[in-house]
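*Asks:* Got a predicted structure plus its sequence, pasted below:
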Amino acid sequence: MKFIPGKYQGRHMLTTQNWSLAELKEILDLADDMKKVRFSEKYFDVLKNRTFFMFFYNPSVRTRQSFEAAATELGAHAQFLEPKSMRLKTATTAGETVEDAAKVMSRYAAGLGIRILEDKIPAYGDGYALIKEYASHATIPVMSMADDRFHPFQGLADMQGIRSHLGHDLRGKKAVLTWGHGALSRSWCSVQEYMLMASRFGMDVTVAHPEGYDLDPEIIEWTKQNCAEAGGSFEITHDQKVAYDGAHVVYSRNWMSPNAYHDGSLHKAEEIERAMKFTNWICDEEKMALTDNALFTHPMPIDRGHEVSDAVASGSNSIIYDVAENRLHVQKAVMALTMV
Amino acid sequence: MKFIPGKYQGRHMLTTQNWSLAELKEILDLADDMKKVRFSEKYFDVLKNRTFFMFFYNPSVRTRQSFEAAATELGAHAQFLEPKSMRLKTATTAGETVEDAAKVMSRYAAGLGIRILEDKIPAYGDGYALIKEYASHATIPVMSMADDRFHPFQGLADMQGIRSHLGHDLRGKKAVLTWGHGALSRSWCSVQEYMLMASRFGMDVTVAHPEGYDLDPEIIEWTKQNCAEAGGSFEITHDQKVAYDGAHVVYSRNWMSPNAYHDGSLHKAEEIERAMKFTNWICDEEKMALTDNALFTHPMPIDRGHEVSDAVASGSNSIIYDVAENRLHVQKAVMALTMV
Amino acid sequence: MKFIPGKYQGRHMLTTQNWSLAELKEILDLADDMKKVRFSEKYFDVLKNRTFFMFFYNPSVRTRQSFEAAATELGAHAQFLEPKSMRLKTATTAGETVEDAAKVMSRYAAGLGIRILEDKIPAYGDGYALIKEYASHATIPVMSMADDRFHPFQGLADMQGIRSHLGHDLRGKKAVLTWGHGALSRSWCSVQEYMLMASRFGMDVTVAHPEGYDLDPEIIEWTKQNCAEAGGSFEITHDQKVAYDGAHVVYSRNWMSPNAYHDGSLHKAEEIERAMKFTNWICDEEKMALTDNALFTHPMPIDRGHEVSDAVASGSNSIIYDVAENRLHVQKAVMALTMV
């Protein structure tokens, strides 16, 4: 398909679920080409001298690195902004409205990325809600650089990696998403976006976790619908053996329990204490032996020795560095299609 | 007039008052053209690969966004620097002299912007004095990105907005600058620069504020002289009705009283408490009805509900987003004319 | 010699000692040309749209300014990163391994600079060791932007300055490195790299300091070997008159004593108290009169009145601003030769 810069001008990327399967494939095809001819004239000036704003309510090394590099490689410039210096109006404090902020930013930049995770908000869903509010007022594309619910570019990067190793027809391939124990009490966004993507692309999706680690029921519901539409199956299990059996891709990562928020705030220490007891919930060579020579993937950074053993993470079936690199390419692809 | 990159090479922009009216018009004409043909080859490489340093003693979202985007759109790169990591020599501490700092920065960059507001200095005028000290040693243009006294790029952006709506001959047009109550205890720089600009361009300037909110006497004096030279009138009133009557442009914004500094520091809480009592000092539709269908402007961010009502700020005569956008264009114009 | 972009692709620059004399001369020749034709087509797009990561464990104004400008002037973009937002695995905390971090960064960027000084580490040598660990895993060139032991780009900038004033054949020229008292308790890296560079280029190296201010014995040893190989002499003295006598270049700067680290941490206040007693250890006009009309140099920022008098620092033989500017050029040269 011929690349048309700005073909989806102004479209927000808040979750892959808002984009059609054909559009997602178009993004991935473009990302593949951008990876293939990375530093060539072809894409050098697509966004020449344009500005992309990155609003980091939560700091991040990797997301910042890959978004800023993505802008650079298209000839644009990404501004690293920390909203702490921006006084927004709230119920109790004077300041600027989100509407005013979004409208002015739309005059300066060609795109706006926002990252806001669970520890910056009082309740699950509030981060995504804030990004949606920005999007409703902005006349430039707003992109989630990870929020409490979604992480669209991680989902796209995962799928670019899986397609490059397993081919473009993923029907009948078993994608296992398994909880891992760990000392970091991690967000839901990456794993939830992964369920959405794997199901959209027709994979058989199995989610494995100890009891009490259920994910967002609405996103589970969407995943089931995606599977139904694409012809894949969906299963939740608490039995790791069932999960690994015959898998083609294993994705092992820690995530918080739904009880992480209570009494109006996030309780990370409690979560870590609870999670660290499940020492058997680790992806290791013994479990990988149950699979159909599965790929191992993870959105990184990895908590080695908890979520996954060194042998698997650094093994020959691990595609973690490829997937990390793909963040750059899918971000470039979406920027090139939505910004002008 | 033909655009000559670097025509005013090395000229500082500390306040519009240091530039001739003809030069200011040249800047605004160039900004108008840059707005018209924003992303075109015409200005893409004017400052290719040059560096602009931005020194933020005070953080700022908007000023940073617009300056960094301005540099980007000319092919240059703006570095976001926080002087806290720079140890300057003072009366009591070891460190580097401003002379050494300015001379070395002149070797690396093509321009230097500095922002320093009233809360970072012990007395009114000290911020401007520091910028002047940098300017005296630098061999590259130094630009005020807002200090305690002046805000030249805001003044230029205001005037670009007014000219675009009221035409280039502003003689006989009434510019009203009115104090608004508010919970933010704001700087003098924007409103003072606005007085200087409106008076330079021949407008009839009326300043309205409650007793006790006098502005810098020297700048008032310059404004009077500007009016005399350009054929406009100047008036200060404490009566809002007198002010709004027949106005063509209304600019409503909070500012601190001259008593904000005492005992060697700034007392913002006191100022806010005092200001919040003047609840009638708000620009609303009732008052705007007294005008000659006046434009509403404000340098943003707006403290809605205090300085101005939502109805006026978001009304059809509001040019706030245009003026905010103009910051980008006037900054590009001055950079293109002074940096090489 | 013809310039070949990426001629030394992937080579790390951790200290000049790891590069041959011929290679160092090639770098300096290229830096000279880049200085001569600074803003020309010749080098504008050498690293077009590439990314350079700058990891500042320690903040820095000058190093950041010059590296970021260097990238910009070659068409690349330098990302300013603060590793505090990056959770690395340590003996006691969960987090990412340096291997994972380095491998992913190698996918995004064309080069990686790291700055880590003595106050961020428990013992002398640990900063350099961390940089070496990054370098061992990275597939892109890693550059020291100053660590506890080395400062290769400062050494290159010093030598570019000396060569431009004294010519390319420096045999028989006396380079004096003298300790100065001061209130800043400074790092060893700049002065140690200077010893290495001056000795490589055949100068007669004299190091002067009060008793108790010995430098890294291993680097002293390398310097002696360098002198032996290049035909220069090496001497350490505690007598300033002996040092200044007949000197062609004087480099005066404060550095900490080897006792600065004890009980597992750095004791800056103790060091400053001790150093400030040596009030006679200052480079002034009286001492400069003993030299053979010597140049004065210093890596800046200068602690004027302690390390050197104003009269010398601002005198006609001072090359401090030239050397500061050279940081930009040598950094551009190494980037252009090692990154692609």
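*Replies:* Perfect, I can see it now. This structure is a prediction, so every number in the text was calculated from the model and none was measured.
*Asks:* Near chain B, which residues of the stretch 101-250 of chain A are found?
*Replies:* The stretch 101-250 of chain A has residues A:101, A:103, A:104, A:105, A:107, A:108, A:109 near chain B, with proximity defined as Cβ under 8 Å from any Cβ of the partner chain. C-beta coordinates here come from the backbone N, C-alpha and C atoms, glycine included.
*Asks:* Show the subsequent helix or strand relative to the helix or strand that contains residue A:127.
*Replies:* Element membership of residue A:127 [criterion: DSSP states H and E] is helix A:126-137. Of the helices and strands lying after helix A:126-137 in sequence (DSSP H and E), the nearest is strand A:142-147.
*Asks:* Quick check: the gap between the closest residue to residue A:47 other than its chain neighbours and residue C:105.
*Replies:* Nearest in space to residue A:47, with sequence neighbours left out and distances taken as Cβ to Cβ, 6 or more residues apart in numbering or on different chains, is residue A:76 at 3.8 Å. As judged by Cβ to Cβ, to the nearest Å, residue A:76 and residue C:105 stand 21 Å apart.
*Asks:* Could you dump the residues of the stretch 101-250 of chain A next to chain B into a markdown table with pLDDT, secondary structure and neighbour count added?
*Replies:* Formatted as a markdown table, those follow (pLDDT from 0 to 100; DSSP: H, G, I helix; E, B strand; the rest coil; neighbours: other Cβ atoms under 10 Å in any protein chain shown):
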| residue | pLDDT | secondary structure | neighbour count |
| --- | --- | --- | --- |
| A:101 | 94 | helix | 26 |
| A:103 | 97 | helix | 19 |
| A:104 | 97 | helix | 24 |
| A:105 | 97 | helix | 26 |
| A:107 | 98 | helix | 19 |
| A:108 | 98 | helix | 23 |
| A:109 | 98 | coil | 26 |
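*Asks:* What ranges does the stretch 151-300 of chain A have for its helices?
*Replies:* Defined through DSSP state H, counting those that start in this stretch, the helices belonging to the stretch 151-300 of chain A, from first to last, are A:152-166, A:189-200, A:217-230, A:240-244, A:268-275, A:285-288.
*Asks:* hey, least reliable of those helices by pLDDT?
*Replies:* For the helices of the stretch 151-300 of chain A, the weakest mean pLDDT is recorded on helix A:268-275, namely a mean of 94.
*Asks:* I would like the residues contacting it, please.
*Replies:* A:119, A:181, A:182, A:183, A:184, A:185, A:254, A:256, A:257, A:259, A:260 (Cβ atoms under 8 Å, 6 or more residues apart in numbering or on different chains).
*Asks:* ok, the fifth one - contacts?
*Replies:* In this case it means residue A:184. Residue A:184 makes contact with A:254, A:272, A:303, C:87, C:94, C:95, according to Cβ under 8 Å, 6+ apart.
*Asks:* Over to residue A:198?
*Replies:* By Cβ under 8 Å, 6+ apart, the contact list for residue A:198 reads A:158, A:159, A:162, A:170, A:175, A:177, A:205, A:232, A:249.
*Asks:* how about those residues, which pair is most distant?
*Replies:* When those are compared pair by pair using Cβ to Cβ, the farthest-apart members prove to be A:158 and A:232, with a separation of 15.6 Å.
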